[in-house]
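Engineer: Give me coordinates for this.
(2 chains)
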Amino acid sequence: MAWQSKQREIGTAGWGWAIFAGIIAFIYFFPVLWIILTAFKTNADILAVPPKFFFTPTLENFVSVFSRSYIKGQAAVDTGFDRFFFNSIFIAGTSVLLALVIGTLAAYGFSRYPLPGNDTYLFIILTTRMLPPIIVIIPIFIMFRIAGLSGTYPGIILLYTAFNLPFTIWMMKSFFDELSPDVEDAARLDGSSEKRLFFKVCFPQIIAGLAATAVFGLILTWNEFIFALLLTGVETRTVPVAMAQTIGGDIGVRWGLLAAIETLFLIPVIIVVFVLQKHLLRGVTFGTIKR
Amino acid sequence: MTAVTSDATGTPRWLTPSPRNWRLALLIAVVAIPGSIWLAPGNVAFWISFVAVSAVTLAVTINAWGRYPGPLLVAPAIALLFVMNIFPLMWSFGLSFFRFRVNRQAPPRFAGLDNYEKILTDPTVWDRLQTTALVVVFTVAIQMIVGFLLALLFEKEFPGRRVLLMLVLTPMMLSFVAVGAFFRFYYEPTFGLLSQAVRLFTGEPFILLKTPAGALAGIVFADAWMWSPFVMLLVLAGLVSVPKYLYEAAEIDRASWWRKFRTITFPYIRSLLLLALLFRTIEAFKLFDIVFLITDGGPGSSTETIAVYVFRVSFQFFRTSQSSALAYFILFIVIVLTNLYLYFARQRSQEA
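Structural biologist: Below you'll find the predicted structure:
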């Protein structure tokens, strides 16, 4: 879209500019590159002074993310990250899926059957997303304690579904708004029912949009920290919380482990976002800016 | 409500048991919810209320099925947001007028406007707001400048542009926790990259987070690095929307670079710059995770932003009701900013 140049009228620059841009991009990317390099280093290499740019790569850190090979003193200690990874994937996946179903229906409703005060609803919905989570978390914390939901999967999944909804609704509404009304009018003239109109006419056209919304929702949910910090228990802890706790621990921080975890997350994200570049702008502005 | 008789027995319609009779369901719920809250223990009351609300929902749904598609489609979303966002907000609004601590057994006591008076006269709150303002101003300013320069870099097509763009966009996809954790690692006095780089020149280890100004700079740098690509994306969208013929015309007129920028480019990116500014301001205002991980508000409390402060007041000091009042203060600011943002976003989409 926006900065994809195919059909756009943008100028071209030569190799000189490409090299210049390459250097800048490399400097900008360097902190991320260092995380990835750290993931392949031994602990001694990580803490080396001066920093080591060339080293013998090791997969030790990746292995210790999922295994119990971490030796503390004499005994093997479980890093527990296999569990936290499962939790993060399960919680993020379920809540994004739920939000996608509920949110797509709502977006279709907002787009095709405007209610009186439609914009007000949409504004309130976006505001709930813009709020610092810290504001709502106090009563939610109390609510969850009363209902016995804190530290359970249903609790955090329900909360994350609500967390994802505003984003999903705004994203999907922006996709629905862009569909040409002519096709629908034609189908309506042919006597299609409203249900058929949604499933056979609109739905096939927004599958790419659904995929983009799901991916950005997954990234947002995976990275979420405060809600998870306060509302997950030992059993349901997610990766960011576990990472933060590793840092606060009394033993030396295992930077290699943290780097390996982040690298494992980052690689699929980079690939997927590269594929979805078209929808990136929309994704990061919650669907408020299309192009 | 007028009793509409629907059948021969003369039972009013709103008392006829039927799956679509939402009036009856509502009546039962209105009795059952306060009753259960009054009589049953907390968790039982919660589930009774839950079932009652579900029943009403079901009845309303069956009643609306096929007749009101609009409300029916948006209702589940609104309901969930109500339960998870609006209701908690109302609750904390209520709490803010009471004296209540979540870690004590004592029931809430009515306190009127005491909490608001306390936070508005508390110098700590103003101090934290000042810190937040400093962070917001610096980080947003740097993001705007760096983002703008990056956009100029990627404005033109060149070999490998897509890949390089991806590299620059990556920081945005990282989690706040990862950025916080690894910048803390980079700022580490002995083996951190920053300290080692400085030592090459001064021979002394460099402890950035030791001084308040340094700690603030550390936070601002990490956040600005993470989010400059966001501004770049928006500015790029504006830059490529400028029609090429305008530049060609300016070329003929031998207009200077600055003049071309001011009269052709800038009008096309102005609205997007404004949107980027507002969006980043809202986001920077609630900055929590990075501060929490890099400095934890230190040294002393010099980098404690308002979000970190609310977190401490509610979950370390457990002054629950006071933090609710504080939350409302923040809510107000965010609503104003979001309103402005949407106003300009809508204006722009109408222009386009």
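Engineer: mind checking which helix or strand of chain A has the lowest mean pLDDT?
Structural biologist: For chain A, counting by mean pLDDT, DSSP states H and E, strand A:70-72 ranks last in confidence among helices and strands (a mean of 55).
Engineer: Quick check, central residue of chain B?
Structural biologist: Residue closest to the mean C-alpha point of chain B, counted by Cα atoms, centre = their mean, is residue B:283 at 5.8 Å.
Engineer: For the helix or strand containing that residue, buried residues please.
Structural biologist: Using DSSP states H and E, residue B:283 sits in helix B:266-285. By neighbour count with 16 or more other Cβ atoms under 10 Å in any protein chain shown, helix B:266-285 contains the buried residues B:268-269, B:271-285. C-beta: built from backbone N, CA, C; applies to glycine.
Engineer: Those also near chain A: which ones?
Structural biologist: When contact is defined as Cβ under 8 Å from any Cβ of the partner chain, the buried residues of helix B:266-285 meet chain A at B:272, B:275, B:279, B:282, B:285.
Engineer: Let me see the contact set for the fourth one.
Structural biologist: Pointing back at residue B:282 there. Listed by Cβ atoms under 8 Å, 6 or more residues apart in numbering or on different chains, the contact partners of residue B:282 are A:130, B:334, B:337-338, B:341.
Engineer: Quick one: name the residues of the stretch 151-291 of chain A near chain B.
Structural biologist: Counting by Cβ under 8 Å from any Cβ, the residues of the stretch 151-291 of chain A near chain B are A:158-159, A:161-163, A:165-166, A:169, A:194, A:219, A:222-223, A:225-226, A:230, A:240, A:243-244, A:247, A:253, A:255, A:258-259, A:262, A:265-266, A:269-270, A:273-274, A:277, A:280-281, A:284-285, A:288-291.
Engineer: Quick one: mean pLDDT over the helix holding residue B:283.
Structural biologist: Averaged over helix B:266-285, pLDDT sits at 86.
Engineer: Same question for stretch A:138-158.
Structural biologist: 86.
Engineer: List the neighbours of it that are in contact with it.
Structural biologist: A:90-91, A:94-95, A:98, A:159, A:227-228, A:230-236, B:42-43, B:46-47, B:80, B:84, B:87-89, B:91-92, B:95, B:102, B:314-315, B:320, B:323-324, B:327.
Engineer: Please put the alpha-carbon coordinates of that stretch into CSV.
Structural biologist: This file holds the C-alpha atoms of stretch A:138-158, laid out as CSV (Å, rounded to 0.1, in the frame of the first residue of the first chain):
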residue,chain,number,x,y,z
ILE,A,138,-8.0,-1.9,40.1
PRO,A,139,-11.7,-2.9,39.9
ILE,A,140,-11.0,-5.8,37.6
PHE,A,141,-8.6,-7.1,40.2
ILE,A,142,-11.3,-6.9,42.8
MET,A,143,-13.9,-8.4,40.5
PHE,A,144,-11.7,-11.3,39.6
ARG,A,145,-10.9,-12.0,43.2
ILE,A,146,-14.6,-12.1,44.1
ALA,A,147,-15.5,-14.3,41.1
GLY,A,148,-12.5,-16.5,41.7
LEU,A,149,-11.2,-15.8,38.2
SER,A,150,-7.7,-14.4,39.0
GLY,A,151,-5.0,-16.8,38.1
THR,A,152,-7.3,-18.9,35.9
TYR,A,153,-7.3,-19.3,32.1
PRO,A,154,-11.0,-18.2,31.6
GLY,A,155,-10.3,-15.0,33.5
ILE,A,156,-7.3,-13.8,31.6
ILE,A,157,-8.8,-15.0,28.2
LEU,A,158,-12.0,-13.1,28.9
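Engineer: Give me the buried positions along it.
Structural biologist: A:138-144, A:147, A:149-153, A:155-158.
Engineer: sorry, back to before: which two in the contacts of residue B:282 are spaced the farthest apart?
Structural biologist: The most widely separated members of the contacts of residue B:282 are B:334 and B:341, with 10.1 Å between them, by Cβ to Cβ.
Engineer: Comparing these two, which residue is more hemmed in?
Structural biologist: residue B:341 (21 against 18; other Cβ atoms under 10 Å in any protein chain shown).
Engineer: if you look at the buried residues of stretch A:138-158, which of them are in helices?
Structural biologist: A:138-144, A:147, A:153, A:155-158 (DSSP state H).
Engineer: Where does the prediction get shaky in the chain?
Structural biologist: With no chain named, the answer covers chain A. A:1-11, A:67-79, A:248-252, A:291 (pLDDT under 70).
Engineer: nope, chain B please
Structural biologist: B:1-11, B:13-14, B:352.
Engineer: And the strands in it?
Structural biologist: B:98-99, B:109-110 (DSSP state E).
Engineer: does the residue nearest in space to the middle of chain A belong to a helix or a strand, and which?
Structural biologist: Central residue of chain A (Cα atoms, centre = their mean): residue A:219, 0.9 Å from the mean position. Using DSSP H and E, residue A:219 sits in helix A:207-223.
Engineer: returning to what we had before: from the contacts of stretch A:138-158, which land in helices?
Structural biologist: Counted as lying in helices by DSSP H, out of those, are A:90-91, A:94-95, A:98, A:159, A:227-228, A:230-231, B:42-43, B:46-47, B:80, B:87-89, B:91-92, B:95, B:314-315, B:320, B:323-324, B:327.
Engineer: Help me confirm that the residue nearest to the centre of chain A comes into contact with residue B:170.
Structural biologist: No - using Cβ atoms under 8 Å, residue A:219 makes no contact with residue B:170, being 11.7 Å away.
Engineer: list the residues that contact both of these two?
Structural biologist: With the criterion set as Cβ under 8 Å, 6+ apart, the contacts of residue A:219 and residue B:170 do not overlap.
Engineer: Run through the residues that contact residue B:150.
Structural biologist: Residue B:150 neighbours (Cβ under 8 Å, 6+ apart): A:24, A:28, B:168, B:228-229, B:231-232.
Engineer: Can you name the two of those that sit furthest apart?
Structural biologist: By the measure Cβ to Cβ, A:24 and B:231 form the most distant pair in the contacts of residue B:150, at 15.3 Å.
Engineer: which one of those two has more residues nearby?
Structural biologist: Set side by side, residue A:24 and residue B:231 show more neighbours around residue B:231, with 28 against 17, by other Cβ under 10 Å.
Engineer: Chain neighbours aside, what residue packs nearest to the more buried one?
Structural biologist: Of all residues not flanking residue B:231 in the chain, residue B:147 sits nearest, at 2.5 Å (Cβ to Cβ, 6 or more residues apart in numbering or on different chains).
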